[in-house]
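K.L.:
just need the structure, nothing else, for what follows:
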Amino acid sequence: ARHSVTLRGRALLAESIAVQKPDEAAQVADALVPDVLAGLAEDPQLAEVATMALRQQSFQRAKRNEVEASYAPLKQAIAIAERHLGPNHADTAATMGLLSNTYGRFGEYKMQLATAQEALTRAVAGLGAQRPHLTLTAVERWYAEALRRNDLPGAAVPILRRVQDDQRQLDGSDTPRVRNAIFQLGLALAEAGELGDALALL
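P.N.:
Predicted structure coming up:
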C-alpha cells in the first residue's frame with residue numbers, strides 16, 4: 001500500500017473520479033494521505049504525490065463547505081512542496097494558486113489576492129522562461145480572478161489576454177479551456193466598463 005507506484009496510482013485515482021464520484025474520491029484521498037506522509041518520511045521523492053493527495057483532500061472538503069479543513073491540507077502541501085521540490089517549483093506555485101482559489105470560494109478576498117500574488121511570483125520565477133506553460137497559465141488565471149474579486153478588473157484584463165493567447169497556443173484550437181479564458185476576459189472587460197469589447201467576446 002505504501003509502495004511509490006501504488007501511492008501515485010491511488011492519487012491519480014482520487015483525481016480522476018473527483019467530480020463524478022466525490023464521495024469515493026474523498027475516501028480514497030483520506031485513506032491515502034497518512035500513507036503517503038508516512039512514506040515521505042523515508043522517501044523524499046514522494047513529495048509530488050503527497051501534494052497531489054493533499055490537494056485532492058482539500059478539494060473534497062471544500063465541496064462540503066468545510067472551511068478550515070479545506071485550507072489545512074493545502075497549507076501542508078505548500079510546506080512539503082517548498083521543502084522537497086523548491087519554492088518556485090510548478091507544484092508549489094499551483095498549490096498556492098489553489099489555496100488562493102479556495103480563499104475566494106469562502107469569501108476571503110484579501111487573502112485570495114495576497115496568496116494569488118505570491119503564487120504568481122513563484123510561477124513566473126520558475127516557469128516564465130517556459131511560456132506557454134499550463135501551470136503558469138492556471139496561476140495567472142487565478143490571479144486575475146483575485147483581482148476581479150477585489151474590484152480591480154482593469155488590472156485583470158491584460159493578464160487574461162495573455163492567458164487566452166497562451167491557452168490557445170497550448171491547446172491548438174478553441175477548446176473548452178480556451179473558451180473559458182475568453183469568457184473570463186469578457187467578464188473582466190465588462191466590469192472594467194469596456195462593454196463593446198466585452199459584448200463582442202461574449
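K.L.:
hang on, Ala1 packs against Pro34?
P.N.:
No: applying CB atoms under 8 Å as the test, Ala1 and Pro34 come out as separate, 10.5 Å apart. All C-beta atoms are positioned from the backbone trio N, CA, C, and that covers glycine.
K.L.:
nearest residue to the middle of this structure?
P.N.:
Leu98 (3.6 Å; CA atoms, centre = their mean).
K.L.:
helices or strands up against the helix or strand hosting it?
P.N.:
Using DSSP states H and E, Leu98 maps to helix 90-105. Applying 3 or more CB pairs under 8 Å, 6 or more residues apart in numbering; DSSP states H and E, one finds that helix 90-105 makes contact with helix 47-63, helix 67-84, helix 109-127, helix 134-149.
K.L.:
for that helix, what is the distance to the chain centroid?
P.N.:
Centre-to-centre, helix 90-105 and its host chain are 5 Å apart (CA atoms, centre = their mean, to the nearest Å).
K.L.:
for it, which positions count as buried?
P.N.:
Within helix 90-105, the residues that qualify as buried are 90-104, counting by 16 or more other CB atoms under 10 Å.
K.L.:
roughly how far does Glu82 sit from Leu37?
P.N.:
To Leu37, Glu82 is 16 Å away according to CB to CB, to the nearest Å.
K.L.:
between the two, which is the more surrounded one?
P.N.:
More neighbours surround Glu82 than the other of Glu82 and Leu37, with 18 against 15 (other CB atoms under 10 Å).
K.L.:
show the contacting residues for the more buried one.
P.N.:
With contact set as CB atoms under 8 Å, 6 or more residues apart in numbering, Glu82 has these partners: Thr92.
K.L.:
do Arg141 as well
P.N.:
With CB under 8 Å, 6+ apart, Arg141 has these contacts: 160, 163, 181, 184.
K.L.:
in helices only, show me those.
P.N.:
Residues of these located in helices (DSSP state H): 160, 163, 181, 184.
K.L.:
what sits against the spatially closest residue to the third one that is not a sequence neighbour?
P.N.:
Okay, so that is Ala181. Distances taken as CB to CB, 6 or more residues apart in numbering put Gln164 closest to Ala181, at 4.3 Å, once the chain neighbours are dropped. When contacts are counted by CB under 8 Å, 6+ apart, Gln164 touches 178, 181-182, 185.
K.L.:
quick one on the thing from earlier: who wins for neighbours among the contacts of Arg141?
P.N.:
Going by other CB under 10 Å, Val163 tops the contacts of Arg141 with 28 neighbours.
K.L.:
surely that one and Gln184 touch.
P.N.:
Yes: with contacts counted by CB under 8 Å, Val163 reaches Gln184, the gap being 7.5 Å.
K.L.:
can you check which residues contact both of the two?
P.N.:
With CB under 8 Å, 6+ apart, Val163 and Gln184 have common neighbours 141, 144.
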